[in-house]
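Engineer: dropping the sequence and predicted coords here.
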Amino acid sequence: MAWFCLAIAGLLEVTWAIGLKYTAGFTRLIPSLFTLLAMLGSIGMLGLALRTLPLGTAYAVWTGIGTVGTAAFGMMMLGEPAGAARLVCITLIVAGIVGLKLLSTH
């Protein structure tokens, strides 16, 4: 269950990171509220995951999911560069997330 909570926390991190782009510096009410709710949900789910998962592992996986998801969104939806070197780096982040999961005793 902790890994499920962590995955949801990571997806909510992607949501709020993307949401920040649409808040216009928190001057737009609806995107700002949506982003703040996603932030609260992300931290809350991370907190639940931390009940049983090691801090270093959980935090690294949480930020990794957020990083990969946000970068993928930027490339697919916002026309950000998707060069070979960037894709290799993202692949290395995914490998780190998978490695941490496989090495976890929880």
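Structural biologist: Thanks, I have it. Numbers count the residues shown, from 1 in each chain.
Engineer: what's the strand or helix carrying residue 71 in contact with?
Structural biologist: With secondary structure defined by DSSP states H and E, residue 71 is part of helix 55-77. Residues outside helix 55-77 that contact it (CB atoms under 8 Å, 6 or more residues apart in numbering) are 2, 6-7, 9-11, 13-14, 17-18, 42, 46, 49-50, 80-82, 86, 90, 93-94, 96-97, 100-101, 104. All C-beta spots, glycine's among them, are computed from the backbone N, C-alpha and C.
Engineer: same question for it, mean pLDDT?
Structural biologist: Computed over helix 55-77, the mean pLDDT rounds to 96.
Engineer: list the buried ones in that helix?
Structural biologist: Residues 57-58, 60-62, 64-71, 73-75 are the ones in helix 55-77 that count as buried (16 or more other CB atoms under 10 Å).
Engineer: any low-confidence regions in this structure?
Structural biologist: Within the chain, no range satisfies pLDDT under 70.
Engineer: if anything else comes up later, I'll come back, but that's it for now.
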